[in-house]
Structure formats: C-alpha cells, structure tokens
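**Student:** Take a look and give me a structure for this.
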Amino acid sequence: MSLFKSFGMTRRSFVFTAPALSAVPTVAYAQPAEWQTVVGPDLRFRLEMPAPVNKTSAGEKEKGHAGERVAWASKRADEMFDFDYVDYDPGWFSSKDSKEMARELGRGEAEKAFPRAQFKYVLDEAVTLQGWDGYALDIGDQQGALVMMRTYIVKDRLYRLLVTAKNDDEAKAAASRFLGSLRFAETRQ
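**Tutor:** Got it, this is the predicted structure:
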C-alpha cells in the first residue's frame, strides 16, 4: 500500500514542481541502472529519479500560469517520486516576497490534507537551493512513514518535489537522494 493511500490520499491530491540547473559538473559519475537523470527541456534543471520515469504535461492553467505544468513521476517499490514545474507570468513572483510565496505554496494544501492532530510535522522550514528560496515540509504518520515535499521559486518558475518513504533506511535514503539531486542552471547572486 502506498504512503498516500495510508494517508487516505491519491497522487492527484498534490502537484509539485522544480527549479533550474546551475553549474553542471564536468566529471561524470557512474549511476546505477535503477536511477535515471532527468534534464529539463530548456536545460534549466536536472535531477535523479528511479527508472523508469514518466513525463506528462497538463494544459489547464491556474491564475498566473504562463505555461503548462510539466511533470515527471516514477515509483520505487511502493514509494512515489514526483517532480514538476510551471512557469508563471513575468513578475508574478519577482514582485512579491519569494520566501513567503515559497512557504505559502509549500504548505497550503498540505495543512488541509495532513492535519497536525493526526500527523507529525518532522521538518517545516524555509530552505534555499543555490540561493533560490524554497520550503521544506516533511510529514510523518504514526508508523514513521514520511511524505517529503520541497518547493522552490526560481525567477518566475515554481518547482516542486514530492516523495514518499516507508519507515526503513533504504526507502529514506532513496527519498533523500531524489530530493538532494535537484540542481538549477543558474545560481542566484
């Protein structure tokens, strides 16, 4: 049973996004066949996900969206690995406090889906990646399983990552690898 089902949710309950790639290392490292590198079509980001990875796009637009939402999803055992991004209209984020926007976008739906009376908020804090503002929210159930979410704002693009992890070291290590693999094409000065 997936973690979302144990939380009484479906994968569609959350849609997530990710940022762009800064300095691409010139040294190539061996990658196990069970992991795949995903590079954005515009070369603005890269990350690693368990293979095989499925790419989709959603044409419906929400307020402020300048383009469609592009997403990648994969599974490892019963764990979900989701990543997506969406571009917003020019100035949508840059005219606002990106730290506050990252918090609002990183927590909004999660607070409704995971009430604190039933779930433990293991990590709930502002983060940065390559200088870009983001938000980290990890929520655990009573058995120690986790839903780990990261939200980043890079210029006027919103990136989100979501991964589930059972309460075992291997699942948590895979989740950490996924979350830690995201790199943007540019660093904020």
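
**Student:** can you pull out the helices in the chain?
**Tutor:** Ranges of helices in the chain, per DSSP state H, are 3-6, 98-113, 169-180.

**Student:** Residue 122: which of those helices is closest?
**Tutor:** When these are compared by Cβ to Cβ, helix 169-180 sits nearest residue 122, at 11.0 Å. In short, each C-beta sits where N, CA and C put it, glycine included.

**Student:** Flag every buried residue along the closest one.
**Tutor:** Using 16 or more other Cβ atoms under 10 Å as the test for burial, helix 169-180 gives 171, 172, 174, 175, 177, 178, 179.

**Student:** Equivalent analysis for stretch 40-52, please.
**Tutor:** Judged by neighbour count using 16+ other Cβ under 10 Å, the buried positions of stretch 40-52 are 40, 44, 45, 46, 47, 48, 49, 50.

**Student:** Kindly report the same for stretch 138-158.
**Tutor:** Here stretch 138-158 shows 138-141, 145-158 as buried, counting by 16+ other Cβ under 10 Å.

**Student:** which one of the buried residues of helix 169-180 is nearest residue 106?
**Tutor:** residue 179 (12.9 Å).

**Student:** Distance of that closest one relative to residue 171?
**Tutor:** Residue 179 sits 13 Å away from residue 171, going by Cβ to Cβ, to the nearest Å.

**Student:** is the residue positioned nearest the centre of the chain in a bridge, and if so with what?
**Tutor:** Nearest to the mean C-alpha position of the chain, by Cα atoms, centre = their mean, lies residue 161 at 0.8 Å. Assessed by DSSP bridges, residue 161 has beta-bridge partners residue 83, residue 150.

**Student:** nearest to residue 89, of the helices of the chain?
**Tutor:** Using Cβ to Cβ, the nearest of the helices of the chain to residue 89 is helix 98-113, at 13.5 Å.

**Student:** Average pLDDT for that closest one, rounded please.
**Tutor:** Regarding helix 98-113, the rounded mean pLDDT is 86.

**Student:** So what's the gap between that helix and the chain middle?
**Tutor:** 13 Å (Cα atoms, centre = their mean, to the nearest Å).

**Student:** How about the contacts made by the closest residue in space to residue 138 that isn't next to it in sequence?
**Tutor:** Of all residues not flanking residue 138 in the chain, residue 123 sits nearest, at 3.9 Å (Cβ to Cβ, 6 or more residues apart in numbering). Shown in contact with residue 123 (Cβ atoms under 8 Å, 6 or more residues apart in numbering): 136, 137, 138, 148.

**Student:** Count residues in the vicinity of the second one, would you?
**Tutor:** Using other Cβ atoms under 10 Å, residue 137 is surrounded by 22 other residues.

**Student:** Pretty sure it sits against residue 105.
**Tutor:** No: assessed by Cβ atoms under 8 Å, residue 137 is found out of contact with residue 105, at 10.5 Å.

**Student:** Now do the shared contacts for those two.
**Tutor:** residue 151.

**Student:** of all the helices of the chain, which lies closest to residue 69?
**Tutor:** That would be helix 98-113 among the helices of the chain, by Cβ to Cβ, at 13.0 Å.
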